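Visitor: build me a structure from this.
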Amino acid sequence: MQTIKLREDFIKLGQALKAGGLVGSGVDAKLVIQDGLVKVNGKTETQRGKKLYDGDVIEFNNETIKIEK
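Guide: Residues are numbered from 1 along each chain as shown. From the prediction side, this is the model:
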């Protein structure tokens, strides 16, 4: 499991996927999110701009990222 440290109060889902190296670009992030391939806290998420906070967990392509303060 990877960890992303928050620099601010939140990070957007698309940015988190890029920061974790799970996608190569913002366009890639948009496509995988729109296709319903990304889960946040166990639920499929289709909003690229979804705000993630401390404790949130992202799952994509058998990889997991935890968001921490």
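Visitor: which residue ranges of this structure form helices?
Guide: Taking DSSP state H, the helices of the chain run over residues 13-19, 26-34.
Visitor: what comes up buried for stretch 39-56?
Guide: Under the neighbour-count criterion of 16 or more other CB atoms under 10 Å, stretch 39-56 has 40, 45, 48, 50, 52, 56 buried. Bear in mind the C-beta positions are built from the backbone N, C-alpha and C, glycine included.
Visitor: and the contacts of that stretch?
Guide: With contact meaning CB atoms under 8 Å, 6 or more residues apart in numbering, stretch 39-56 is reached by 6, 9-14, 16, 29-30, 33-34, 36, 38, 57-60, 66-69.
Visitor: strand partners (parallel or antiparallel) of the strand ranked longest in the chain?
Guide: What stands out as the longest strand in the chain, according to DSSP state E, is strand 63-68. In its sheet, strand 63-68 lies beside strand 2-5 (parallel), strand 57-60 (antiparallel), with partners assigned from DSSP bridges.
Visitor: point out the most buried one among these.
Guide: The highest average neighbour count among the strands paired with strand 63-68, using mean count of other CB atoms under 10 Å, belongs to strand 57-60 at a mean of 20.
Visitor: ok, and what's touching that strand?
Guide: Contacts of strand 57-60 (CB under 8 Å, 6+ apart): 13, 16-17, 20, 22, 32, 37-42, 52, 64-67.
Visitor: returning to that earlier point: can you select the buried ones from the contacts of stretch 39-56 in PyMOL?
Guide: Of the contacts of stretch 39-56, the buried ones go into a single PyMOL selection, burial set by 16+ other CB under 10 Å:
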select buried, resi 10+11+12+13+14+16+29+33+38+58+59+60+67
